[in-house]
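Visitor: Got a predicted structure here, sequence first:
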Amino acid sequence: MQIRIGENLRKLRIKNELTQEKLAEVFGVSPQAISRWENNTTYPDVTMLPSIANFYNTSIDELLGMDDIRNVEKINSTFSIVHEYESNGRIDEAIHTLREAIKVYPNNCGFLSELALALTIKNNTDTKSELVNEAISLSERVLLSSTNEKVRCTTKANLCFLYLKINENDKAIKLAKTLPHVWECREILLPEMFNEDDYIIELKKGINTVVSVICEKIENSKKHKHSSIDKMIALGPNTNSNNNLKGRIELLTQFLM
């Protein structure tokens, strides 16, 4: 939980056209104390919060940024609920939850992208063209407004397959080429952030994830169909440690022979 009192105090002081020196006189502290508050080096004594809130005609919750904190907690909770629904195949409930969340947060690109993913998964069972069209519209909207690279990459990956569903192959290929190279992905780079034993642990995790994804694609190639990438994008690959790693390595070796 991030307390934003310093940032909020600075905004309120500037809004009221006060200097740090003037505010220091009001609260009986030094200008340096006001500066430390605003830089989040220290916080005002808890007994001063009611006085500060009254001075600015606001609430202690607003001073602390509690509304923002509650919003973040609510958003994260909603994502957890949606992912639980999706992992259990309850796609209709996931879609309903996301639609309700978007009514409250209409510009939240994370919710918009997640709804596009859920609609894509739903389309695989219902094969309704309106679901694909809505998912494409949502995805394109996210790419126009989101600056979050994680959200953008997830959205792009799903959108590639949505374009294929409507036979826009050129669009799909062009978009796929904008995604990161394999040597820029998390599974490859994350181990480099660690040393010794931790490096080995992270490297094994990365290899396990990559091998799981590749083997699922190989299995689907036998059925002459695209991999269920939409569900994988939403939930991640199946990297359960109980899976037969040796068997997956053999499958990969045979495929490449």
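Guide: All right, it came through fine.

Visitor: Check which element follows the helix or strand bottoming out on mean pLDDT in the chain along the chain.
Guide: Ranked by mean pLDDT, DSSP states H and E, the helix or strand of the chain with the weakest confidence is helix 229-235, at a mean of 64. Using DSSP states H and E, the helix or strand that follows helix 229-235 in sequence is helix 245-256.

Visitor: Can you get me the centre-to-centre distance for that following helix and its chain?
Guide: Remark: helix 245-256 is offset 32 Å from the chain centroid, using CA atoms, centre = their mean, to the nearest Å.

Visitor: list the contacts for residue 136?
Guide: 116, 159, 162, 163, 166 (CB atoms under 8 Å, 6 or more residues apart in numbering). For glycine as for every other residue, the C-beta is placed from the backbone atoms N, C-alpha and C.

Visitor: so where does it fall, helix or strand?
Guide: Assigned by DSSP H and E, residue 136 falls in helix 129-145.

Visitor: Could you identify the most distant pair in the contacts of residue 136?
Guide: 116 and 166 (13.9 Å; CB to CB).

Visitor: the more surrounded of the two?
Guide: Using other CB atoms under 10 Å as the criterion, residue 116 and residue 166 rank with residue 116 on top: 29 against 13.

Visitor: Would you agree the more buried one is in contact with residue 158?
Guide: Yes - with contact defined as CB atoms under 8 Å, residue 116 reaches residue 158; the gap is 6.1 Å.

Visitor: Name the residues contacting each of those two.
Guide: 135, 139.

Visitor: quick check: longest helix of the chain.
Guide: helix 196-222 (DSSP state H).

Visitor: For that one, what is the distance to the chain centroid?
Guide: 22 Å.

Visitor: Now do that helix: which elements does it pack against?
Guide: Other elements packing on helix 196-222 under the criterion 3 or more CB pairs under 8 Å, 6 or more residues apart in numbering; DSSP states H and E are helix 186-189, helix 245-256.

Visitor: domains of this structure?
Guide: According to automatic domain parsing, the chain comprises the domains 5-64, 68-179, 184-256.

Visitor: what about residue 146, distance to residue 154?
Guide: 10 Å (CB to CB, to the nearest Å).

Visitor: Return every residue with contacts to both of these two.
Guide: residue 113.
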